[in-house]
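Q: The following comprises the amino acid sequence and a computationally predicted model.
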Amino acid sequence: MKRDRNVKIVATLGPASDGEHMIRKLYDAGADVFRLNMSHGGHAEIAARHAAIRKVEKAVGRPIAILADLQGPKLRCGVFADDEGHVLKNGASFRFDLDKAPGSESRVNLPHPEIFAALEPGARLLVNDGKVRLRVDACGADFADCTVIAGGPVSNRKGVNVPDVVLPLAALSEKDRADLEFVCALGVDWLALSFVQRAADVHEARELAAGRAAIMSKIEKPAAVAAFDEILAVSDGIMVARGDLGVELPVQNVPPIQKRLVRKCRAAAKPVIVATQMLESMIESPMPTRAEVSDVATALYEGADAVMLSAESAAGSFPIEAVQTMNNVALEVENDANYTSIMAASRNVARVSTADAIVLAAREIAETVDIKAICCFTQSGNTAALVARERPQVPILALTPLVDVARRMCLTWGCHCYVTGEVNRFKEAVISAARIARQGGHATEADQIIVTAGVPFNVQGSTNILRVAPCEERLIYASDPE
């Protein structure tokens, strides 16, 4: 199925979207990538969803990307003697400690000694998604005495955020390590790392993945924002995860951070997803709010490669409608003349390689001549990613003999991914590209396409040829006897 938009839609699977039949409906509605949330569901459930996606992929005859989102080291408080918890009042004193005894209105267990080791007086502790805020007055190896700054209810095992210090925590818990090995063995295409704080967290995951999946870093902590350039350099993609980011930072800081990170990802030719609460009201309503539609549109105007649905498609009452809404917003935005001019104005990157020059020329020729598609033969996906960075006004056909590369490229802006046979001569590449462009509905025999490739073939990083070619095979043979 040919998409008529460039931005990609990521849909999270869950109880509301289980099974091959439902996944096919989500795909038909516009989902390009499916997210498996490792925070919910056991391995058997995850394996069933993975198998269902691959069945849909086979049925539609097009690559589909699967993103496994690891839970990360989620920090939670202990339990209270009163199961309903307590309401903390502004100005009250409250203690967190390592005592496993049930909590009360004045204290609760926090079973994370690494937090106490890193805390300093003046640091903030945020409980229950930031609804309750406390300031640390005094702390030691096994306690933190706090003052309640913003009161509210706390109850059993509520999440705790520590925004003001870099915690000595590995990004991968023991659960994450087991989950990572499980999903890599299944054959997922992307691994999303939660609560990344430093580039070393990404290196650890990459070593464990051993090339079986691309690594996506979720930016949801202030430390990750501060170290973003280093994290981006070692990541294959980025997710701007605005949920925890909006808890640990003032909410007004999140929009400019989002804009800055998206631009840096585009300059690096690495895909970026904008995620969290994009169509939150559609969990319960068939219609989004106007503010939510504007939020999705803003991410598109900023140049995001993909936008993501979380609970909307995983547990909501209207998962298909949510995907359709995102698809419709994308179509409307991308048909806006302002969108084209914004994408053109934001091409602010240094071009230093032969591949950079080739893709720049491809985009400029496509804007000058009546070209229907830019066809990129790629072994790693890098050439297609460089073309996508240019944000051309014609479709990008990413052609590769490697199915795992085709699947991973499904997350990249504007890429229509096709698995081809291996080609060993440029003439074969042109003929193959023309056939795929026609069969995929991107061009007719009367049209022209651009073909880029590298000689020698089947070698990563060798893009060095560009040709404007007809889509009719008879003309290809007539014009190129080689």
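A: Right, received. Where do you want to start? Note that the structure is a prediction, hence the values are computed from the model and not measured.

Q: could you point out where this protein is predicted with low confidence?
A: Within the chain, the segments meeting pLDDT under 70 span 458, 461, 477-482.

Q: Now the spatially closest residue to residue 15 that is not a sequence neighbour. Its backbone dihedrals?
A: Distance criterion CB to CB, 6 or more residues apart in numbering; nearest residue to residue 15, sequence neighbours excluded, is residue 315 at 5.8 Å. C-betas here are computed from N, CA, C, even on glycine. Main-chain dihedrals, residue 315, degrees, to the nearest 10: phi -140, psi 0.

Q: I'd say residue 315 and residue 14 touch.
A: Yes: in this structure, residue 315 is within contact of residue 14 by CB atoms under 8 Å, at 5.0 Å.

Q: Comparing those two, which residue is more hemmed in?
A: Between residue 315 and residue 14, counted using other CB atoms under 10 Å, the more crowded position is residue 14 (22 against 15).

Q: number of nearby residues for the closest residue to that one other than its chain neighbours?
A: Taking CB to CB, 6+ apart, and ignoring the residues beside it in sequence, residue 14 has residue 314 as its nearest neighbour in space, at 2.8 Å. Using other CB under 10 Å, residue 314 is surrounded by 22 other residues.

Q: For residue 314, give me its contacts.
A: Neighbouring residues of residue 314 by CB atoms under 8 Å, 6 or more residues apart in numbering: 12, 13, 14, 15, 16, 17, 37, 40.

Q: Mind giving me the packing neighbours of the strand or helix carrying residue 203?
A: For residue 203, the host element (DSSP states H and E) is helix 199-209. On a contact count with 3 or more CB pairs under 8 Å, 6 or more residues apart in numbering; DSSP states H and E, helix 199-209 meets helix 174-186, strand 190-193, strand 214-219, helix 228-234.

Q: which other helices and strands contact the second one?
A: Strand 190-193 sits against strand 65-69, helix 174-186, helix 199-209, strand 214-219, with contacts defined as 3+ CB pairs under 8 Å, 6+ apart.

Q: on that earlier part again, show me how far the helix holding residue 203 is from its chain's centre.
A: On the basis of CA atoms, centre = their mean, to the nearest Å, helix 199-209 sits 17 Å off its chain's mean C-alpha point.

Q: i'd like the first residue to be 87 from this point on
A: In the new count, where the first residue is 87, that last one comes out as helix 285-295.

Q: which outside residues touch that helix?
A: Here helix 285-295 makes contact (CB under 8 Å, 6+ apart) with 256-258, 263, 266-267, 270, 277, 279, 282, 301, 303, 313, 316-317, 319-321.

Q: Just the CA trace of the longest helix along the chain, in CSV.
A: Ranked by residue count, the top helix of the chain under DSSP state H comes out as helix 129-146. The C-alpha coordinates for helix 129-146 follow below in CSV (Å, rounded to 0.1, in the frame of the first residue of the first chain):
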residue,chain,number,x,y,z
HIS,A,129,7.1,-12.7,26.8
ALA,A,130,4.4,-15.0,25.5
GLU,A,131,2.1,-12.0,24.8
ILE,A,132,4.9,-10.0,23.1
ALA,A,133,5.8,-13.0,21.0
ALA,A,134,2.2,-13.4,19.8
ARG,A,135,2.1,-9.7,18.8
HIS,A,136,5.4,-10.0,17.0
ALA,A,137,4.1,-13.0,15.0
ALA,A,138,0.9,-11.2,14.2
ILE,A,139,2.8,-8.2,12.8
ARG,A,140,4.9,-10.5,10.6
LYS,A,141,1.8,-12.2,9.3
VAL,A,142,0.4,-8.8,8.3
GLU,A,143,3.7,-7.9,6.7
LYS,A,144,3.6,-11.0,4.6
ALA,A,145,-0.1,-10.3,3.6
VAL,A,146,0.5,-6.7,2.5
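
Q: List the buried residues for that helix?
A: Judged by neighbour count (16 or more other CB atoms under 10 Å), helix 129-146 contains these buried residues: 132, 133, 135, 136, 138, 139, 140, 142, 143.

Q: domains for the chain, by residue range?
A: 94-158+256-421, 172-247, 440-565 (automatic domain parsing).

Q: Ok, which of those domains comes nearest residue 88?
A: If you check each of the domains of the chain against residue 88 by CB to CB, domain 440-565 wins as the nearest, at 4.8 Å.

Q: The buried residues of helix 129-146 into JSON lines, with extra columns for distance to residue 421?
A: Formatted as JSON lines, the buried residues of helix 129-146 follow (distance: CB to CB, whole Å):
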{"residue": "132", "distance to residue 421": "37"}
{"residue": "133", "distance to residue 421": "40"}
{"residue": "135", "distance to residue 421": "34"}
{"residue": "136", "distance to residue 421": "35"}
{"residue": "138", "distance to residue 421": "33"}
{"residue": "139", "distance to residue 421": "30"}
{"residue": "140", "distance to residue 421": "33"}
{"residue": "142", "distance to residue 421": "28"}
{"residue": "143", "distance to residue 421": "29"}
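
Q: count of neighbours near the residue nearest to residue 480 when sequence neighbours are not counted?
A: Among residues not flanking residue 480 along the chain, residue 452 sits closest, at 4.9 Å (CB to CB, 6+ apart). Neighbourhood size, residue 452 [other CB under 10 Å]: 24.

Q: Kindly report the same for residue 242.
A: Residues near residue 242, counting by other CB under 10 Å, number 16.

Q: Same check on residue 237?
A: Residue 237 has 17 neighbours, counted by other CB under 10 Å.

Q: My guess is it contacts residue 172. True?
A: No: using CB under 8 Å, residue 237 is not in contact with residue 172, being 10.1 Å away.

Q: ok, back up a step: got the angle between the helix holding residue 289 and strand 300-305?
A: Interaxial angle, helix 285-295 versus strand 300-305 (axes from the mean of the first three to the mean of the last three CA atoms, to 10 degrees): 150 degrees.

Q: Can you point out the buried residues in stretch 363-380?
A: Those would be 364, 365, 366, 367, 368, 369, 374, 378, 379, for stretch 363-380 by 16+ other CB under 10 Å.

Q: Now do it: distance from first to last residue.
A: Start and end residues of stretch 363-380 are separated by 12 Å (CA to CA, to the nearest Å).

Q: contact partners of that stretch?
A: Residues outside stretch 363-380 that contact it (CB under 8 Å, 6+ apart): 328-329, 381-382, 385, 393-398, 401-404, 407-408, 411-412, 415.

Q: Out of the residues you listed, list just those in strands.
A: Judged by DSSP state E, strands contain the following of the contacts of stretch 363-380: 393, 394, 395.

Q: Just give me the closest of those to residue 157.
A: For the ones in strands among the contacts of stretch 363-380, the minimum distance to residue 157 (CB to CB) is 16.5 Å, reached by residue 394.

Q: Look up how far residue 410 lies from the closest one.
A: Distance of residue 394 to residue 410, computed by CB to CB, to the nearest Å: 15 Å.
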